[in-house]
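Undergrad: Any chance you could fold what I've pasted below:
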Amino acid sequence: MDLKPLIAALSSILALLLIEFDVSGERLVGKQISAPSLSLVLALLGVAVRQGASLPRAMSVVGGLLPGPYGLRMVRVAHLLGRGNGWDLSWSGAIGDPDYGQSMQVLADCLEPSWRLGSSPLARIETTMRQLHRHARSVLARVAATITVRLLVPTGLCILPAFVLIGVIPCIAAFAGGMS
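TA: Next comes the predicted model:
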């Protein structure tokens, strides 16, 4: 059995728990906490499902570990699913959230076929993680290309006139002076 995913998940959980407390050990309640990475949430769900947890139980445990309202939304969805509510009804509040709705929509779309068909969500989780990584890489490549252009254009506009004034004009003047 490969323990790398389990170790990575536990390390991530520990990091999230450490982030939740300040230096004095007080819980950072009421402070704005950004949404965790969707890839991290999916990885944690994947680990929980691999260990035998049902989908609502995995969502409840992972949501309980995540700080802030994002984790509370996941726990609420898991609670509603566990009580026998329908998929759409259970997710409607989380998807409608103005801060986390888009992330919750991706999560719901990833897990819905497994819930409705009773199949393992692991393949969908891994596929969604790959798509998220591919999207992040493409966004990063586009931003890097934009930064390159933004850096090179001013540099070229400053260096080209200096090159012409220091290198080309003196050469032309020397050449023209030597011809007369």
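Undergrad: Tell me how far stretch 125-136 lies from the chain's centre.
TA: Between the mean C-alpha point of stretch 125-136 and the mean C-alpha point of its chain there is a distance of 10 Å (Cα atoms, centre = their mean, to the nearest Å).
Undergrad: Can you report the mean pLDDT over the residues of the strand or helix carrying His135?
TA: His135 is part of helix 122-163 when elements are defined by DSSP states H and E. Helix 122-163 shows an average pLDDT of 89 in the prediction.
Undergrad: Return the list of helices and strands in contact with it.
TA: Helices and strands touching helix 122-163, as assessed by 3 or more Cβ pairs under 8 Å, 6 or more residues apart in numbering; DSSP states H and E, comprise helix 38-50, helix 101-117. C-betas here are computed from N, CA, C, even on glycine.
Undergrad: Can you name the next helix or strand after the shortest one?
TA: Following the chain from helix 38-50 toward its C-terminal end, the next helix or strand by DSSP H and E is helix 55-65.
Undergrad: quick revisit: between the following helix or strand past the helix holding His135 and helix 122-163, how big is the angle?
TA: Going down the chain from helix 122-163, the next helix or strand is helix 169-179, by DSSP H and E. Counting by axes from the mean of the first three to the mean of the last three Cα atoms, to 10 degrees, helix 169-179 points 40 degrees away from the direction of helix 122-163.
Undergrad: Pull out the buried positions in helix 169-179.
TA: When neighbours are counted by 16 or more other Cβ atoms under 10 Å, no buried residue of helix 169-179 is found.
Undergrad: and what of stretch 119-133?
TA: Across stretch 119-133, burial judged by 16+ other Cβ under 10 Å covers Pro121, Arg124, Ile125, Thr128, Met129, Leu132.
Undergrad: Rebuild those residues as JSON lines, extending it with distance to Leu160.
TA: Conversion of the buried residues of stretch 119-133 to JSON lines gives the following (distance: Cβ to Cβ, whole Å):
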{"residue": "Pro121", "distance to Leu160": "57"}
{"residue": "Arg124", "distance to Leu160": "53"}
{"residue": "Ile125", "distance to Leu160": "52"}
{"residue": "Thr128", "distance to Leu160": "47"}
{"residue": "Met129", "distance to Leu160": "46"}
{"residue": "Leu132", "distance to Leu160": "42"}
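Undergrad: separation between the residue most central in space within the chain and Ser103?
TA: The chain has Ser37 as the residue nearest its centroid, 3.8 Å off, counting by Cα atoms, centre = their mean. According to Cβ to Cβ, to the nearest Å, Ser37 and Ser103 sit 9 Å apart.
Undergrad: Next: Gly52.
TA: Distance check for Gly52 against Ser103: by Cβ to Cβ, it reads 26 Å.
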